[in-house]
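S.K.: no sequence for this one, just the structure:
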Ligand SMILES: O=CN(O)C[C@@H](CC1CCCC1)C(=O)N1NCCC[C@H]1C(=O)Nc1ccccn1
Ligand code: NI
């Protein structure tokens, strides 16, 4: 079971590396890791379990955050249409995106960052993504809203990018051209 102690914090070099593609079909170890990452998110969103194990709530988790420099991440969150988005993305790619941008009006945080870093984090408003699933098939999804923001936050982790890299250093809350906020 993944616990907070397994999550590396900023300053650890693995968070600034470009992760390697995962070999498909998944090895037993990679499959176990993928499942453990999704389980972490579910546990972290269960008040009792999160309380019991001191887990910080998360809707996404990338392999580099548990010190594995491989191109996979898990997402577990309610999506815009009241469905639940819950999957592990293997070798994910953004194949196209909108010109319009968005940003979480409250800014972003990160399980690997033990401090508040205020400011707007510009993201593409809509993205078309491709990735392989644990079950072995290739999925192509169109995402918007929080799922789109989360997917981009996680994909950044696979490329050694932290959310605050996108915040305007001069004025963290400056208006972002072509963007509309996500409340
Ligand atoms: O790389 C992965 N991480 O670092 C975990 C992050 C990923 C999210 C940050 C912004 C988009 C993806 C995460 O889930 N959090 N970051 C720390 C604070 C708590 C939590 C969070 O933002 N929760 C949330 C947000 C909106 C609605 C509901 N819940
Ligand atoms: Ni993060």
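M.R.: Looks like it came in fine. No experiment lies behind these values; they were computed from the predicted model shown. Ligands and ions are numbered 1, 2, ... in the order given.

S.K.: tell me the spacing between residue 67 and ligand 1.
M.R.: Going from residue 67 to ligand 1 by CB to the nearest ligand atom, to the nearest Å gives 14 Å. All C-beta atoms are positioned from the backbone trio N, CA, C, and that covers glycine.

S.K.: so that residue touches residue 12, yeah?
M.R.: Yes - if you go by CB atoms under 8 Å, residue 67 and residue 12 touch, sitting 7.2 Å apart.

S.K.: the lengthiest strand in the chain near ligand 1 at all?
M.R.: Using DSSP state E to define each element, the chain has its longest strand at strand 84-97. No - on the criterion CB under 6 Å from any ligand atom, strand 84-97 is out of touch with ligand 1, staying 11.6 Å away.

S.K.: where along the protein do the helices fall?
M.R.: With DSSP state H as the criterion, the chain has helices at 28-44, 47-53, 145-158.

S.K.: related to what we said a few turns ago, ok, and what's touching the longest strand of the chain?
M.R.: Strand 84-97 is contacted by residues 21-22, 24, 26, 34-35, 37-38, 41-42, 71-79, 124, 126-134, 139-140, 147, 151-152, 154-155, 158 when judged by CB atoms under 8 Å, 6 or more residues apart in numbering.

S.K.: buried sites along it?
M.R.: By neighbour count on 16 or more other CB atoms under 10 Å, the buried set for strand 84-97 is 85, 87, 88, 89, 90, 91, 92, 94, 97.

S.K.: what residues does the closest residue to residue 31 other than its chain neighbours make contact with?
M.R.: Nearest residue to residue 31, sequence neighbours excluded (CB to CB, 6 or more residues apart in numbering): residue 134, at 6.3 Å. By CB under 8 Å, 6+ apart, the residues touching residue 134 are 26, 31, 34, 35, 87, 88, 90.

S.K.: what is the nearest of those residues to ligand 1?
M.R.: If you rank these by distance to ligand 1 using CB to the nearest ligand atom, residue 88 comes first, at 13.2 Å.

S.K.: let me know the pLDDT of the nearest residue to that closest one once chain neighbours are set aside.
M.R.: In this structure, residue 88 finds its nearest non-sequential neighbour in residue 34, 4.3 Å apart by CB to CB, 6+ apart. On pLDDT, residue 34 comes in at 98.
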